[in-house]
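Peer 1: got a predicted structure here, sequence first:
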Amino acid sequence: MAVGESVQLAPRDPDPDATYTWRVQRAPTKSSLELPEETAVVQFDPDAPGRYVLELDAPDGTHTLTIRAFPGSYLPTGSIRSGESGMSGMSGFSGQSGSARPMGISGGASGSGSGAGEARRGEGGRPRIRLDASVEDDTIVVRADPQPNPNSDTDRDDLVVEFVVDDRDDVDESAVETDGWVLRVPVSAVGDKIGVHAVAIDETYSVPDSVVVKRDALPDGGVAETESDTESQSGGTGNADTGGQHLSVARPNDPPEWAQEVTLYEIYVRGYASDIDEADNTFEALETRLDYLESLGVDCLWLTPVLQNDHAPHGYNIVDFYSIAEDLGSREDYEQFVEAAHDHGMKVLFDLVLNHSAREHPFFKDAYKNPDSDYYDWYEWQDNGEPGTYFDWEYIANFDHRNLDVRRYLLDAVDMWADVVDGFRCDMAWAVPDTFWQEVHDRVKSKDPEFLLLDETIPYIADFHDGMFDMHFDTTLYFTLRQVGRGDEPAERMLDAIDQRTEVGFPDHAAFMLYIENHDETRYIVECGESAAMAAAGALFTLPGVPMVYGGQEIGQRGRRDALAWKHAREDIREHYERLIEVRDKTPALGSEGAFRRIDFEADTDHAVAFVRDHDDGSYLCLLNFGDEPATVAVGDLAVDATDIVSGDSVAAEGGLHVDDVAICPLA
C-alpha cells in the first residue's frame, strides 16, 4: 500500500466476546502513528513511507503483521483500498480503478528485502510480477519475474523487486537472503511452511504475487522420489524432497485449473424452470434441465441467490444467511441439485452476498430506530437515522464490518455453504473490505485449494487479485461489446479492452469472466440486434477468458428476468452457441493456454475485426462481424486455411475472407 491509502485491519476467525488490542511495534522514523487501544477492528493509515510492524494481542497470543507503505507518489491511480464498507451512496467507481497514473520521482525502494538500487522512473503504468519457487541443494529459491507496463519506457532490467516473508510462518528471517529478483532461505530455517510475497516497482508498484513452500512429512516416514525442479516452476504446484521431508510448492493467486476451461452458465432461479409443473420444488425443476445444459456443453452453473429473502424474486435481499428460501425448496433439495449437477460433470457456484442484509432481516428490524438494540451496531447508519446503502436502494441495509459479531455471522455462513458448492460468485465485491475478502479466500482455500472465488466489481480492480479473487468480471470488455454492438465504436475497440487488463496492472495469471448480459442488464439482442448478438457470442468464445452465458441468451430470450420462453426458443441461435462451445472445447488455442495476438487487417466495414490465438497445437485466425451485412476481411500475407471450423465451410472470398458473424480459420 501507499501513504494516502487506508486499510481495515481485524482479527481473523474472531471471537466477538474476546478483547483484542492492536499496537505499533515498529514504524518508520518519520511516523507518529498510534492505534486505538482495545479496539478489535482498526483503520490503518500510514503517515510515512517505510515498513510498519504491528502487533495484535488476542486470546490465543500475540500476532505480528508487517505492512510495507510506499510513498504517496507511488499510489496507483484509482485505488479504492479504503478498507471500509461505510461509503454509502457511492457506487464504488473511482476512474479506471486498478490502473496506475504516471508518477514523479519520489525516491527509490526502501525497506529490508528490496532489490538493490533505485527504481528508475519510466513513463507508463503499473508493472506486473510473478513468483515461482523451487528447492535447490537444500535451499528454497524464490524467483521473481517482473514485467514493465506495456506503456512504460522502463527497461525490464531496471525494475526493482521487493520481498516480504509472511509473518504467520515460522521462519528464521536472519537466514533469508535477497539478491535482486531472487530470495533464498535454507530449508532448515523454515518450519512448517514459508509464504513469500513480492511486488515489482517502477513508477508505482505492482499487484503483489505470492508463493508458498510447505513442508509435509511423508506418510511412511521415508523419502519420496525427488521430482524435477521444473515442475515447481509450472505455475501450479511442484514438489521436491529434502531430509526425509516432502516440500510442495503452490501459487495461491493462480485460478483453479478447472475454472479456466469451463463454459459458465447463469441461472436466474425463479424464472429458468418455472414451466416445469410436475416438479415438487424449484431445485427439482432445475434438475430436469441438466440434461439440456450438458448437451449444450455447459460445465459450471452460477445460480442467483438461493437463501431466504424478502420475496423480491432476484433473491439478493437476504433475511437468513443460513437457510434456503422456502419458495425454492429445502436445503436437502438444494444439495440434491448440486449432487445431480456434479453427476452431469458440472460445478456449481453459490451467489454470496456479504455487503448487506434485507431490511426485513430480523436483526435489522430490531435495530431500526432503536439504538439500544443488540443489533444496532451491526449496521451502518446515516445522520437521518436511515441505514447506509448504495444507489438509494430502499430494501437493503449495509452491514458494518467493523463489528466482530457481523464478521462472525458472515464467516460462519461462508463456512457452511463452502462445504456444499465449488465456488462463490461474490456480489458487490467492491463494497466489502478487501481484508475481509482475504480472510474469506484463506478460509475456503485452506479446505479446498480448487475452490473458485469470482468477483463482481464494476469497474474491475487489479488489486483484487492480491489474495482475494481468482477470476474477475471483465466489465471493460462487457461495456465495449455493448458499444460495438450498438455501432458506437468500431469492432477493433474490443481488442483494446483485452489489452487494458495488462495496462491497468492485472498480472498475467489473472482470469476473467466474459459476458454480454446477465440478470441486471438488458438482453444484448434487444439493445444491439440479432446480427451483433451472433458476433458477440463469437467474441465470448474466441477472446481470452472464461465465457459466461446468461440463461436464455442461447435461445434468443428477450426479457431480462422473465420466465424463459422455452416454447419459442430460437434453434438457430442455440445451435450457434452449441457449436461455439464445442469448438472452444476442442481447440486449445481458444482456451486459457492460448496466446492472444493482434494483427494487421483491412475490412470493408468497421463492424469487423480480426485477431489470432496461438498455441503449440496450432494457431487460429478469429474473425467477427457485428454488422447486418457480410464483411470481407483481408489479413495481408498471413497464411490462412480458409476453412471455417465453426461452419465447416470455406470462407475464401475475392480480396480476403468472408464473414457473416464469426469465423475461425487455422493458420497454414
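Peer 2: Yep, that arrived.

Peer 1: read off the pLDDT value for the residue nearest the centre of the chain.
Peer 2: Residue closest to the average C-alpha location in the chain (CA atoms, centre = their mean): M471, at 2.8 Å. The score at M471 is 98. That number is its pLDDT.

Peer 1: do the one 10 residues further on as well
Peer 2: At L481 the predicted local confidence, pLDDT, stands at 98.

Peer 1: so what's it up against?
Peer 2: Residues counted as contacts of L481 (CB atoms under 8 Å, 6 or more residues apart in numbering) are M494, A497, I516, Y524, A536, A539. All C-beta atoms are positioned from the backbone trio N, CA, C, and that covers glycine.

Peer 1: what does the first one show for phi and psi?
Peer 2: When quoted as degrees, to the nearest 10, the phi and psi of M494 stand at phi -70, psi -30.

Peer 1: do you know how far it is from A511?
Peer 2: Per CB to CB, to the nearest Å, M494 is found 18 Å from A511.

Peer 1: select, from the contacts of L481, the two members most distant in space.
Peer 2: A497 and Y524 (15.6 Å; CB to CB).

Peer 1: any weak-confidence spans in this structure?
Peer 2: 78-123, 217-245 (pLDDT under 70).

Peer 1: which residue is the nearest non-sequential neighbour of S274?
Peer 2: A563 (4.5 Å; CB to CB, 6 or more residues apart in numbering).

Peer 1: what is the burial count for the one you found?
Peer 2: Residues within reach of A563, counting by other CB atoms under 10 Å, total 15.

Peer 1: begin at 496 from here
Peer 2: Will do, 496 is the new start, and the previous item becomes A1058.

Peer 1: for K709, see how far away it is.
Peer 2: Distance from A1058 to K709, counting by CB to CB: 50 Å.

Peer 1: close enough to count as contact, G1040 and M1008?
Peer 2: Yes. Under the criterion of CB atoms under 8 Å, G1040 makes contact with M1008 at 6.5 Å.

Peer 1: list the residues that contact both of those two?
Peer 2: Counting by CB under 8 Å, 6+ apart, the residues touching both G1040 and M1008 are D969.

Peer 1: what about the helices in the stretch 546-695 of the chain?
Peer 2: Counting by DSSP state H, counting those that start in this stretch, no segments of the stretch 546-695 of the chain form helices.

Peer 1: quick check: buried residues in stretch 770-789?
Peer 2: A774, N776, T777, F778, E779, A780, L781, E782, R784, L785, L788 (16 or more other CB atoms under 10 Å).

Peer 1: a strand runs through V1107, doesn't it?
Peer 2: Yes. According to DSSP: H, G, I helix; E, B strand; the rest coil, V1107 belongs to a strand.

Peer 1: quick check: closest non-adjacent residue to it.
Peer 2: Residue nearest to V1107 in three dimensions, not counting chain neighbours: R1092, with 4.3 Å by CB to CB, 6+ apart.

Peer 1: please apply the same query to N776.
Peer 2: Closest residue in space to N776, ignoring its immediate chain neighbours: G824 at 3.3 Å, by CB to CB, 6+ apart.

Peer 1: tally up the residues packed near that neighbour, please.
Peer 2: Per other CB under 10 Å, the neighbour tally for G824 reads 21.
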